[in-house]
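Predicted model and sequence follow; I will ask about them next.
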Amino acid sequence: MQVPVQVTFRDIPKDEAIDNLVHELTKKLEEVCPHIDSCRVAIEHPHVIRRAGGDFRVRIDLTVPPGHEIVVSRESNEINEREVLEPLVREAFHAARRRVQKLAERQRQYVKAHPEQEVQAVVTQLFEDYGFAQTPEGREIYFHKNSVLAPGFEAMRIGNGLAFTEEMGEDGPQASSVRIVDRRGHEEEDEGNGEVEVEEEA
């Protein structure tokens, strides 16, 4: 899947090169965590009214299921816009990548911690009649509601541990005979809704 990216330039002219760079770096984030819900990037010149030049800021806001928000902000007081924006954007995305890696590792460890329950993957996304789960290796597995055994698709929550039979579908790996084998993810989801991990400028 492709991460929805929203890039906003505030008090600064839109720069196509910087906009393209943001989309390129977001794709690299998706390599670390393939189920990022959204990525909002604000590139600002917040003190343009108070003083001439200086003070550029890049803020990245990511949402990752179930209910995680990662916010990274980087600032620079350099005056030359073209010289400062590209390295500032790269620095902010480098910090965001570290946070996403930590979160992805925690989610993989959650799966590995329950081998006695045959957990093969954790539910990361749910839609009207299908969903996706992630394996400890970071692979994304598709499943349809008709493949979910009792108590059924309606009982499933993001964060649940699943066991299933993997097969190759038209668009990639998919799960059949899906069973919910660990419901503790639902409890973690309730506790984690709205969780915000913030890394401000160094």
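Perfect, I can see it now.

what's the domain layout of this structure?
5-110, 113-190 (automatic domain parsing).

Using JSON lines, lay out these together with mean pLDDT and mean neighbour count.
Placement of C-beta: from N, CA and C, glycine included. Below are those laid out as JSON lines (pLDDT from 0 to 100; neighbours: other CB atoms under 10 Å):
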{"stretch": "domain 5-110", "mean pLDDT": "82", "mean neighbour count": "17"}
{"stretch": "domain 113-190", "mean pLDDT": "81", "mean neighbour count": "17"}
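
Please compute how far the helix of greatest length in the chain lies from its chain's middle.
Longest helix in the chain by number of residues (criterion: DSSP state H): helix 81-112. Relative to its chain's centre, helix 81-112 lies at 10 Å (CA atoms, centre = their mean, to the nearest Å).

and if you look at stretch 25-38?
The answer for stretch 25-38 is 6 Å, by CA atoms, centre = their mean.

ok, residues contacting it?
Contact partners of stretch 25-38, identified using CB atoms under 8 Å, 6 or more residues apart in numbering, comprise 1-6, 39, 41, 62-65, 89-90, 93, 96-97, 100-101, 103-104, 124-125, 132, 134, 138, 140.

First-to-last residue distance for that stretch?
Taking CA to CA, to the nearest Å, stretch 25-38 runs 14 Å from one end to the other.

same thing with stretch 132-150?
Rule used - CA to CA; the end-to-end distance of stretch 132-150 is 18 Å.
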